[in-house]
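Novice: coords please:
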Amino acid sequence: MELLKVILSLMFCMTTVSVLSPSNFKTNGESGATEYSNATWVPANKNNFSPSEKESNGVRWIVIHDIEGSADAALRWFQDERAKASAHYIVDYNGKVYQMVKEKDIAWHTGNWKYNVHSIGIEHAGFADKDMFTDEEYVASAKLVAYLCKKYNISIVHWEGIAPEDPNNGSGIIGHYQVPDPKNPSLGGGVSHHYDPGNYWNWNYFIALVKKFYYLNATAGENKKVVAAWLGMYSDYWSSDYNTWKNQVYDAMERLSKAGVNTIFFLAKDPWGYVYYNSSVAPLNKKYNWDVLKEVCEAARKYNISLHVYINALSEGEDTPNFYLLSHKDQALYDQDGGMLGWADPGSEEYVERLLSIVKEIVSNYKVDGIQLDRIRVPPNALGKASEEKFRQTYNKDPESNMDLWNNFVREEVSELVKKVHELTKSTNTSLYVSAAVFPVYDLQGVGSSLRYQLQDWKKWISSNYVDFVCTMAYTSDFNKFKLYVDDEVKVTQDPSKVYIGIGAWLLNKNGLKEQMDYVFNKSKLNGVVLFSADSLLNSNELLSGISEYLKEGYTPDEKEKFFIILLVASFLVLAFILLGFFLKLKRKFLIT
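Specialist: Numbers count the residues shown, from 1 in each chain. Below you'll find the model as predicted:
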């Protein structure tokens, strides 16, 4: 009997059939039976899957397959009772999606019963050994996977190597080749050692699409709010004892996740030049003697938090030069009196290569979702040896002769650095995001100008696709000023997916935080906020509850605010009645006389 099953399965894998229209397949009379709105319901034969009532939190994996043929072949085979196989979804070359098994039921698709129980299986038209997957197929599948990841809280990561023997010990998106053999978990492809979807499946492109539809665009008709926090581990909040610190990290991720934070921007290089991972380029922060980033990555993955790494790009001491600039003085910026600043010269090729090496180490060795450049700015009018030399070669004059031209020149060098980081990151992994933390006002007369005073041309970075988005540091407790900042950022970017608003959580109480979040999400129709900082949130249960309350209930003024509003309205009405009485009395007096 087992031999017959194998032969029948091989017949399916190696055979293609003529194209059939969906109307030719059995539908059991079930209309609107699909759970995914973009799918057509074509039910599998009841002998090819196991009915179940598995809990939604039991779905931990999405398994990507190829059919070794057409979508029509799979539809026909899974409706044949001889198949003894099925998948939840099928995606055709043209992007058409079919659902054959309810998500709560157990499709037979992995060759490993435990993974069948804890996964959703998606078959794709195509062959493991042929370059036939289409853009329409990738896009349709990515939208489906984004929907599933959101619904079941599945990590948007392509798991490295063979998945865990116990499916409860991880979460993510895998190929059939990564499902462990239940008899020998060191081997992949399930019990039959399948290797689909094969080498022609473009994982980087696919995961990038999934993230795009999950975070930045509408997925199944609704927007995903990004609620992020900047997290640094240089403060006294974090222990220097490894075991205590590790418990702190997992506790922090759990508390942040429960509050509704779904993205972390983790500090990997601080403003003083120290890093928080094992680097051959820059020294580890002296507080730690272990790989901080590695542990943070694992904790974030456990709680399904998207992890971006941010690095301080041009700050090397900021207020005063650090150890690196003191030993590499030709890479520093100087004030006009010749005093060394704690900032690196963006025109120094040696410094740029050093920074790119740090980026390369991170994106090559750690499972992160993106790179963010912080302090990607320099003080205006500052001078640097390398930049001055390039300026003279270009314009045949000294910077002091035309400081506006000089600042514009340096601004372009900063932009060029952003471009190089983008190119390096995307060449390593196209699914990674590149972003920048920027000052909130681009160039608004009487308010501020990151363009002129920080030499950040982040409007150009967006329009030239040097970054996927910017995070504006709109830190203020003044709500009217906050609105001014956000309105300017919306006007400058012209695209809600290109800007996340940074909120200074440490400046606010719970109600103030909810009010600013509401202005971003509800009034301005933007997709994301980034809260500074995680330390402030972790030290305040009030702020954490403010996040969760807003995400569940939205924002309404608190009772005290309502009281003052009512009092103001009542006062206005009383004043109106007094004035009305006065004028009526005055009118009566004139009529009598």
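
Novice: okay, now the unreliable bits of the chain?
Specialist: 1-32, 53-57, 215-224, 558-572, 574, 576-577, 580-593 (pLDDT under 70).

Novice: give me the domain ranges for it.
Specialist: 2-216, 226-553, 565-593 (automatic domain parsing).

Novice: CSV for those, including mean neighbour count?
Specialist: C-betas here are computed from N, CA, C, even on glycine. Below are the domains of the chain laid out as CSV (neighbours: other C-beta atoms under 10 Å):
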stretch, mean neighbour count
domain 2-216, 19
domain 226-553, 19
domain 565-593, 9
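
Novice: so Asn204 makes contact with Thr430?
Specialist: Yes - Asn204 lies in contact with Thr430 (C-beta atoms under 8 Å); the separation is 4.5 Å.

Novice: the closest residue to Leu209 other than its chain neighbours is in what secondary structure piece?
Specialist: With C-beta to C-beta, 6 or more residues apart in numbering as the criterion, Leu209 has its nearest non-adjacent residue at 3.5 Å, and that residue is Ala142. In the assignment (DSSP states H and E), Ala142 maps to helix 135-152.

Novice: which strands and helices sit next to that helix?
Specialist: strand 61-66, strand 89-91, strand 97-99, strand 119-124, helix 203-211 (3 or more C-beta pairs under 8 Å, 6 or more residues apart in numbering; DSSP states H and E).

Novice: how about the strands in the stretch 401-550 of the chain?
Specialist: Using DSSP state E, counting those that start in this stretch, the strands of the stretch 401-550 of the chain run over 433-438, 469-473, 499-504, 528-532.

Novice: can you lay out the ones you listed as TSV showing distance to Asn381?
Specialist: Formatted as TSV, these follow (distance: least, C-beta to C-beta, whole Å):
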stretch	distance to Asn381
strand 433-438	20
strand 469-473	22
strand 499-504	26
strand 528-532	28
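
Novice: coming back round to it: quick check: angle from the helix holding Ala142 to helix 203-211?
Specialist: For helix 135-152 against helix 203-211, the angle by axes from the mean of the first three to the mean of the last three C-alpha atoms, to 10 degrees is 50 degrees.

Novice: keeping just the C-alphas, turn helix 135-152 into PDB.
Specialist: Provided in PDB are the C-alpha atoms of helix 135-152 (Å, rounded to 0.1, in the frame of the first residue of the first chain):
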ATOM      1  CA  ASP A 135       6.400  38.100 -11.100                       C
ATOM      2  CA  GLU A 136       2.600  37.700 -10.900                       C
ATOM      3  CA  GLU A 137       3.100  34.500  -9.000                       C
ATOM      4  CA  TYR A 138       5.600  36.100  -6.500                       C
ATOM      5  CA  VAL A 139       3.400  39.100  -5.900                       C
ATOM      6  CA  ALA A 140       0.200  37.000  -5.300                       C
ATOM      7  CA  SER A 141       2.000  34.600  -3.100                       C
ATOM      8  CA  ALA A 142       3.600  37.400  -1.100                       C
ATOM      9  CA  LYS A 143       0.200  39.100  -0.500                       C
ATOM     10  CA  LEU A 144      -1.100  35.700   0.700                       C
ATOM     11  CA  VAL A 145       1.800  35.100   3.000                       C
ATOM     12  CA  ALA A 146       1.600  38.700   4.400                       C
ATOM     13  CA  TYR A 147      -2.000  38.000   5.200                       C
ATOM     14  CA  LEU A 148      -1.200  34.700   6.900                       C
ATOM     15  CA  CYS A 149       1.800  36.200   8.900                       C
ATOM     16  CA  LYS A 150      -0.500  38.900  10.200                       C
ATOM     17  CA  LYS A 151      -3.300  36.500  11.000                       C
ATOM     18  CA  TYR A 152      -1.200  33.900  12.800                       C
END
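
Novice: between that helix and strand 119-124, how big is the angle?
Specialist: Going by the same axes, to 10 degrees, helix 135-152 makes 170 degrees with strand 119-124.

Novice: do a quick rundown of the helices in the stretch 251-400 of the chain.
Specialist: 292-302, 323-327, 349-365, 385-395 (DSSP state H, counting those that start in this stretch).
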